[in-house]
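In: Build me a model from this:
(chains A and B)
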2 protein chains.
Amino acid sequence: MTIVTGSVSMSLDGFVGPEPGEDGSGVHERLHRWMYDLVAWRERQNLEGGSPNIDSDVVAEEFHQAGAYLLGRNTFDLGEERWGEDPPFRGPVFVVTHRPRPVLTRRNGTVFAFVTEGFESAVAQAKSAANGMDVLCTGGPDVLRQGLSTGLLDELQIHMSPVVLGGGVRLFDGLANYPLEFTMERVIHSGTVTHLRLCAER
Amino acid sequence: MTIVTGSVSMSLDGFVGPEPGEDGSGVHERLHRWMYDLVAWRERQNLEGGSPNIDSDVVAEEFHQAGAYLLGRNTFDLGEERWGEDPPFRGPVFVVTHRPRPVLTRRNGTVFAFVTEGFESAVAQAKSAANGMDVLCTGGPDVLRQGLSTGLLDELQIHMSPVVLGGGVRLFDGLANYPLEFTMERVIHSGTVTHLRLCAER
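Out: Predicted coordinates for the structure are as follows:
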């Protein structure tokens, strides 16, 4: 069965990125530092080498289980240039946006489709394209929040770094349906980061 | 070596209790639900029975390693009547307060001392009384924050429940010294709650 799963790097105080409009490179770097040297991450950036450890296995698992991807428009816009001709997805990507844009085909199977009919339509299209595998939503926070508020996000994996940032954007602010109960399905702790896999309770 | 360690139950979105002045019984119950049926918790309330599981072991460990306790005045005031003649501490407790009060001696070794010379003095007195064991601070949030802001808190164990509350008091708001880096020393996951033991980086 195709499920929709989110993946997000978070601080102990719940921040998943910088405030919009601020220079958030420090916040972004601190939250994602744990993955930059991983074999599985580097391989998707077409880089050799890196550390083959449990964190790398978690990243590899997320990519391997994903048959399609769901992204917000900001996340796409920030990534487009950096990803270049060979983005890390290697599969269909559905970008939730208000601004139409023609389908963008990249190498190795990455195809960006821009969905202007709303979040639920993007989820339906991604599920249909996932070919029995999962739909992976890697952000941004707005899209993950829509998944949480609509109940369309089945799972969420939080990669929690042991840092208190004190500022930025919180994943769980501004939801429509508190309290949200989860089952903590799996916890993997590497020493650097703790991977919390949460399953939404229905 | 005597270290100062904090223990707090927290939601996924960082809340550790209700807003002051609100009826927070629902929030409090949701955050602490994981411990009510534990053998180690019940034993300290002079109740028989309960579940002897890994969560109970974590609670037992906290009590066993504590040679003295550090509390905020609100936490003491809320607990005084409920704890009665035989509070769960069974050792010296130092209450940080602006309102002087004579020493209060209860059964089985619990002695409450009210420290009006400030947080650092309370920490020093608790360390001295701990007899080579640890000082355990179980809250409230203000006292834990003082420990984080002054650098006097060496360790913090977060008991994280898989719930998003959307409101209340956050532990990590209003600190003086962001970012705070920790080492994630140990993670124990029971299925009900995840115990994150953080060691402050110096």
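In: Residue numbers of chain A in contact with chain B?
Out: Counting by Cβ under 8 Å from any Cβ of the partner chain, the residues of chain A close to chain B are A:12-14, A:30, A:148, A:158, A:162-167, A:170-173, A:175, A:178-184, A:186-187, A:189, A:191-194, A:196, A:198. Where you see a C-beta, it was placed from the backbone N, CA and C, and this is true even at glycine.
In: Sort out which of the residues you listed are in helices and list them.
Out: Mapping the residues of chain A next to chain B onto helices (DSSP state H) picks out A:30, A:148.
In: I would like a PyMOL command selecting only the buried ones among the residues of chain A next to chain B, please.
Out: Entered in PyMOL, the line below selects the buried ones among the residues of chain A next to chain B, by 16 or more other Cβ atoms under 10 Å in any protein chain shown:
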select buried, chain A and resi 12+13+14+30+148+158+162+163+164+165+166+170+171+172+175+179+180+182+184+187+189+192+193+194+196+198
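In: In contact with the spatially most central residue of chain A, which residues?
Out: The centroid of chain A falls nearest to A:Thr138 when counting by Cα atoms, centre = their mean (1.1 Å). Residues in contact with A:Thr138 (Cβ atoms under 8 Å, 6 or more residues apart in numbering or on different chains) are A:6-8, A:69, A:71, A:75.
In: my read: A:Pro18 touches A:Leu31, true?
Out: No - using Cβ atoms under 8 Å, A:Pro18 is not in contact with A:Leu31; the gap is 9.3 Å.
In: A:Ser9 bridge partners, please.
Out: Judged by DSSP bridges, the bridge partners of A:Ser9 are A:His159.
In: I am assuming it contacts A:Trp34, so please confirm or correct that.
Out: Yes - counting by Cβ under 8 Å, A:Ser9 touches A:Trp34, with 7.3 Å between them.
In: what touches both of these two?
Out: By Cβ under 8 Å, 6+ apart, the residues touching both A:Ser9 and A:Trp34 are A:159, A:161, A:193.
In: among the contacts of A:Thr138, which two are most distant?
Out: For those, the farthest-apart pair by Cβ to Cβ is A:Val8 and A:Tyr69; their separation is 13.8 Å.
In: Who has more neighbours out of these two?
Out: A:Tyr69 (25 against 19; other Cβ atoms under 10 Å in any protein chain shown).
In: does the more buried one sit in a helix or strand, and which one?
Out: strand A:66-72 (DSSP states H and E).
In: So for that strand, mean pLDDT?
Out: What strand A:66-72 shows for mean pLDDT is 98.
In: Return the list of strands paired to it, each annotated with direction.
Out: In the sheet, strand A:66-72 lines up with strand A:92-96 (parallel), strand A:134-137 (parallel) (DSSP bridges).
In: Which strands or helices does the helix or strand bottoming out on mean pLDDT in chain A pack on?
Out: Confidence across the helices and strands of chain A bottoms out at helix A:25-32, with a mean of 92, counting by mean pLDDT, DSSP states H and E. Packing partners of helix A:25-32 (3 or more Cβ pairs under 8 Å, 6 or more residues apart in numbering or on different chains; DSSP states H and E): strand A:4-11, strand A:15-17.
In: 10 Å instead?
Out: When contacts are defined as 3 or more Cβ pairs under 10 Å, 6 or more residues apart in numbering or on different chains; DSSP states H and E, helix A:25-32 packs onto strand A:4-11, strand A:15-17, strand A:155-161, strand A:163-164.
In: and the angle from the strand ranked longest in chain A to strand B:4-11?
Out: In chain A, with assignment by DSSP state E, the single longest strand is strand A:180-189. Counting by axes from the mean of the first three to the mean of the last three Cα atoms, to 10 degrees, strand A:180-189 lies at 140 degrees to strand B:4-11.
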